[in-house]
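[1] return a 3D structure for these sequence lines:
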Amino acid sequence: MNSFFYIYNNEALVSLVITRLLREVTDIDLARAAVIVSVLLNDLSIDTLNSANYKTMKQFLKGTTGNLLKYNGYYYAMLPILINSLKIIVDLGFASFNKEKFYLNRDIPYPNPNSLGSRYSEICRAIPLFMSLANKYPTEKLYELFRIRL
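    Below is the predicted model of the structure:
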């Protein structure tokens, strides 16, 4: 069985996560989006983030030690889904790509995250905390911290 069986191959979910993420950070480049989405779509990461109020990225990474070696695989498994999802939200006019960054075009009305399922709801709950940790680091350092090899 594929070791990434629990990475839901769902561009709709990733599109929702990206638009929610863009509400949090205003704009994001592809390299940064790739590492962040690969963490946010990992169920163990979300459970870990939502179980404690981490103050530093190192505390969070310590909580996901068993997962740390797998982020490289998650990254590569999520990359085509991320690209498809970005294309979907750009084609729908929800976001634009300009000077290597993606940003929302307009405020999109969002349904209650709970109405879209528990997984999406848990991811939405984790986004602000994870971004408060990730925003302290440049993209290159995030790749290093999560041991993602290019």
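
[2] next, count neighbours for the nearest residue to Asn105 once chain neighbours are set aside.
    Once flanking residues are discounted, Asn105 sits nearest to Ser96: 5.5 Å by C-beta to C-beta, 6 or more residues apart in numbering. All C-beta atoms are positioned from the backbone trio N, CA, C, and that covers glycine. Neighbour count for Ser96, taken as other C-beta atoms under 10 Å: 13.

[3] following the strand or helix carrying Ser96, which helix or strand shows up next?
    Using DSSP states H and E, Ser96 maps to strand 95-98. Downstream of strand 95-98, the next assigned helix or strand under DSSP H and E is strand 101-104.

[4] how about the secondary structure of the residue nearest in space to the middle of the chain?
    The chain has Val37 as the residue nearest its centroid, 2.2 Å off, counting by C-alpha atoms, centre = their mean. For Val37, the secondary structure call by DSSP: H, G, I helix; E, B strand; the rest coil comes out as helix.

[5] flag the shaky bits of this protein, pLDDT-wise.
    1-9, 66-69 (pLDDT under 70).

[6] now do the buried residues in the strand holding Ser96.
    Residues Ala95 are the ones in strand 95-98 that count as buried (16 or more other C-beta atoms under 10 Å).

[7] would you put the C-alpha positions of stretch 128-140 in PDB?
    Provided in PDB are the C-alpha atoms of stretch 128-140 (Å, rounded to 0.1, in the frame of the first residue of the first chain):
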ATOM      1  CA  PRO A 128      -3.300  30.600  12.900                       C
ATOM      2  CA  LEU A 129      -1.000  28.800  15.400                       C
ATOM      3  CA  PHE A 130       1.100  27.200  12.700                       C
ATOM      4  CA  MET A 131       1.500  30.400  10.800                       C
ATOM      5  CA  SER A 132       2.500  32.300  14.000                       C
ATOM      6  CA  LEU A 133       5.300  29.700  14.300                       C
ATOM      7  CA  ALA A 134       6.200  29.600  10.600                       C
ATOM      8  CA  ASN A 135       6.200  33.400  10.100                       C
ATOM      9  CA  LYS A 136       9.300  33.600  12.300                       C
ATOM     10  CA  TYR A 137      11.400  31.800   9.700                       C
ATOM     11  CA  PRO A 138      12.400  32.400   6.100                       C
ATOM     12  CA  THR A 139      11.200  29.800   3.600                       C
ATOM     13  CA  GLU A 140      14.700  28.200   3.300                       C
END
